[in-house]
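S.K.: please find the sequence and the predicted model below.
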Amino acid sequence: MTLQELITKLNLTVLTTPSDFNAVTPQGGYASDLLSCVIAGAQPDNIWVTLQAHMNVVAVAALRDVSAVILTENAQPETAVIEKANEQNVILLGTSEPSYQIVGKLWELGIR
């Protein structure tokens with residue numbers, strides 16, 4: 001499943017500059033709000049689900065080379081965070097739903 005399909009099916013908001021999301025194919029997922037856990041556990045091309053929306057999220061996402069970050073519970077990054085994500089080619093997506101629900105929906109869609 002492509003990232004574009006996930007964006008559509010989960011009604012996610014694209015927070016960073018749009019790109020060819022059909023060219024991105026997530027390979028699993030990771031959910032945590034502890035950055036040290038993400039550094040240790042997230043794999044390249046995972047989708048990372050978190051309610052954190054600060055600058056360090058971008059740094060960790062770039063370090064682990066995740067396919068996208070889903071910010072839950074209406075977490076809104078500051079403009080500087082979005083600009084840094086664009087510079088680092090980190091895709092930030094948003095939703096009003098809680099992390100638990102988004103993770104369940106990703107599982108149902110086959111993201112393991």
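M.R.: Sure, I can see it. Everything numeric here is computed off the predicted structure, so don't read it as measured data. Residues are numbered from 1 along each chain as shown.
S.K.: which residue ranges of the chain form strands?
M.R.: Along the chain, the stretches classed as strands by DSSP state E are 13-14, 29-31, 47-50, 68-71, 92-94.
S.K.: for the last one, name the packing helices and strands.
M.R.: Strand 92-94 makes packing contacts with strand 13-14, strand 68-71, helix 79-87 when contacts are defined by 3 or more C-beta pairs under 8 Å, 6 or more residues apart in numbering; DSSP states H and E. Every residue, glycine included, has its C-beta placed from N, CA and C.
S.K.: output the ones you listed in TSV; the columns should cover mean neighbour count.
M.R.: As requested, the helices and strands packed on strand 92-94 are exported to TSV (neighbours: other C-beta atoms under 10 Å):
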stretch	mean neighbour count
strand 13-14	14
strand 68-71	26
helix 79-87	16
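S.K.: would CSV of these with mean pLDDT be doable?
M.R.: Output for these, formatted as CSV (pLDDT from 0 to 100):
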stretch, mean pLDDT
strand 13-14, 98
strand 68-71, 98
helix 79-87, 98
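S.K.: mind putting those into CSV with distance to Leu3?
M.R.: Conversion of the helices and strands packed on strand 92-94 to CSV gives the following (distance: least, C-beta to C-beta, whole Å):
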stretch, distance to Leu3
strand 13-14, 10
strand 68-71, 6
helix 79-87, 15
